[in-house]
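S.K.: Pasted the sequence and its predicted model underneath.
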Amino acid sequence: MDLCSPIVVASCGLTGSVDNLHKLEQAGAGAVVLKSVFEEEIIHDIKRNTHVFAPVNNYGASYEYVAQHLSDDAMARHFELIKEAKSSLSIPIIGSINCYSHENWITYATQFQEAGCDALELDMAIMPYDTNLSSDDVERTFGDIIQSLRKFVTIPISIKVSPYFTDLSKFMQQLSWMGIQGITIFNKSVQIDVDLENETLRHAEDFSTPGDFYNTLRWTTILTNKVRCDISSTTGVYTANDVVKLLLAGATTVQVASCLYNKGIDHLKELNHGVEQWMQQKGYTEIDQFRGKLALKSNEKASMLMRTKYMNYFGEIK
């Protein structure tokens with residue numbers, strides 16, 4: 001896709017309405033990833049509405065028909081957003097889905113494609129929380145979903161992943177060999193805190209922080225020339241310098257969200273202006289002139305580089 005800016009607005013509440021999408025485009029977003037559709041939300045709507053009309057057991061054999069109707073109705077709201085956005089915006093519209101059952105990944109993905117999305121981002125927040133779930137099980141699930149989707153979806157597919165893999169580098173490389181067009185690093189898993197007064201668990205701060213940026217930068221630098229697809233880097237991006245650093249590390253696009261909540265949608269203008277200003281100072285006229293300049297070469301060992309940086313800092317070895 002041709003983008004007017006490498007800065008993409010990540011999936012979040014800001015991308016859930018046409019009015020906001022217009023504001024994001026006018027502020028300089030290169031593309032937008034729509035607010036995610038969560039399978040659990042659809043299932044919740046089905047259960048809530050069936051109980052509103054009548055108890056589930058009153059439907060008998062017709063429950064599946066009723067549930068499908070309610071599911072279609074809930075998804076229709078998302079399709080309407082896509083259609084309105086496509087008819088009134090000039091920037092690419094990327095659908096985002098987050099599922100847990102194999103069949104609904106395929107169902108939602110094909111429906112989003114039919115509704116007009118230019119691409120799909122699969123927010124695959126599959127975490128090995130259970131002791132009976134191995135790393136092999138998690139990786140197999142990723143592979144099965146991707147291979148299935150490629151049979152039904154023709155628009156570009158990007159996989160949004162967490163950093164929590166036993167062998168992150170190798171697995172990202174294997175994912176890129178499966179025919180996907182992009183990998184988004186990283187999604188932000190829910191943070192848990194403790195309410196000491198009530199002695200209960202609660203959500204911690206949801207927004208990313210500038211300190212989260214460095215893990216994203218590290219892995220962008222390592223993975224850029226190791227994978228066979230584009231990388232979209234996100235989490236902890238707050239300034240134009242952050243964007244430039246990720247582009248130098250090899251990111252094709254840089255996604256932002258938290259900084260827009262903290263500084264407003266017009267912060268996109270500052271980010272784009274900052275990138276342009278840096279390019280002018282350095283004599284660059286195109287991003288491709290410096291994109292990936294600092295990425296590890298395909299035959300370069302990341303372990304050696306990181307060990308050297310570690311010793312430079314902690315061992316004061318020059």
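M.R.: Received it, and whenever you're ready, just let me know what you need.
S.K.: Now do stretch 244-256: distance to the chain's middle.
M.R.: Stretch 244-256 sits 14 Å away from the centroid of its parent chain (Cα atoms, centre = their mean, to the nearest Å).
S.K.: Just the CA trace of that stretch, in CSV.
M.R.: Written as CSV, here are the backbone C-alpha positions of stretch 244-256 (Å, rounded to 0.1, in the frame of the first residue of the first chain):
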residue,chain,number,x,y,z
VAL,A,244,13.0,8.1,13.1
LYS,A,245,14.8,5.6,15.3
LEU,A,246,12.4,2.8,14.4
LEU,A,247,12.7,3.7,10.7
LEU,A,248,16.5,3.6,10.9
ALA,A,249,16.1,0.2,12.6
GLY,A,250,14.1,-1.0,9.6
ALA,A,251,10.4,-0.5,10.4
THR,A,252,8.2,-0.1,7.4
THR,A,253,5.6,1.7,9.4
VAL,A,254,5.4,3.0,13.0
GLN,A,255,2.1,2.7,14.9
VAL,A,256,1.0,5.1,17.6
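S.K.: what sits up against it?
M.R.: Contact with stretch 244-256 is made by 3, 6-10, 30-31, 33, 182, 184, 216-217, 220-221, 223-225, 230-234, 237-238, 242-243, 268, 271, 274-275, 278, 287, 290-295, as judged by Cβ atoms under 8 Å, 6 or more residues apart in numbering. All C-beta spots, glycine's among them, are computed from the backbone N, C-alpha and C.
S.K.: tell me the mean pLDDT for that stretch?
M.R.: Mean pLDDT, stretch 244-256: 98.
S.K.: Ok, stretch 143-161 next?
M.R.: 94.
S.K.: residue ranges for the helices of the protein, please.
M.R.: Using DSSP state H, the helices of the chain run over 18-27, 39-53, 63-88, 102-115, 135-152, 168-176, 213-223, 240-249, 258-263, 267-282, 302-314.
S.K.: Confidence-wise, which of the ones you listed is weakest overall?
M.R.: Averaging pLDDT over each of these puts helix 39-53 lowest, since it has a mean of 50.
S.K.: which among the contacts of stretch 244-256 end up buried?
M.R.: 6-10, 30-31, 33, 182, 184, 216-217, 220-221, 223-224, 230-234, 237-238, 242-243, 268, 271, 274-275, 278, 290-292, 295 (16 or more other Cβ atoms under 10 Å).
S.K.: burial count for the residue nearest to K35 when sequence neighbours are not counted?
M.R.: Leaving aside its sequence neighbours, K35 sits nearest to G16 (Cβ to Cβ, 6 or more residues apart in numbering; 3.6 Å). Neighbour count of G16, defined by other Cβ atoms under 10 Å: 15.
S.K.: got a list of what G16 touches?
M.R.: Contacts of G16 (Cβ under 8 Å, 6+ apart): L34, K35, L81.
S.K.: Apply 10 Å and report the result again.
M.R.: When contacts are counted by Cβ atoms under 10 Å, 6 or more residues apart in numbering, G16 is found next to L34, K35, S36, H78, L81.
S.K.: Take those residues and lay them out in CSV including distance to V153 and neighbour count.
M.R.: As requested, those are exported to CSV (distance: Cβ to Cβ, whole Å; neighbours: other Cβ atoms under 10 Å):
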residue, distance to V153, neighbour count
L34, 16, 24
K35, 20, 19
S36, 17, 24
H78, 16, 22
L81, 19, 20
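S.K.: thinking again about what came up before, and the residue nearest to K35, what pLDDT?
M.R.: 94.
S.K.: Relative to M124, which of the helices of the chain is closest?
M.R.: helix 135-152 (6.2 Å; Cβ to Cβ).
S.K.: which parts of the closest one are buried?
M.R.: For helix 135-152, a neighbour-count test (16+ other Cβ under 10 Å) marks V138, E139, F142, I145, I146, L149 as buried.
S.K.: From the contact counts, what lies against it?
M.R.: helix 102-115, strand 119-123, strand 157-161, helix 168-176 (3 or more Cβ pairs under 10 Å, 6 or more residues apart in numbering; DSSP states H and E).
S.K.: now could you export just the CA positions of the last one as CSV?
M.R.: When you say that, I think you mean helix 168-176. Coordinates of each C-alpha in helix 168-176 appear next as CSV, following Å, rounded to 0.1, in the frame of the first residue of the first chain:
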residue,chain,number,x,y,z
LEU,A,168,11.2,-14.9,19.4
SER,A,169,13.7,-14.4,16.5
LYS,A,170,13.3,-17.8,15.0
PHE,A,171,9.5,-17.9,15.4
MET,A,172,9.0,-14.5,13.8
GLN,A,173,11.1,-15.7,10.9
GLN,A,174,9.0,-18.9,10.6
LEU,A,175,5.8,-16.8,10.7
SER,A,176,7.2,-14.6,7.8
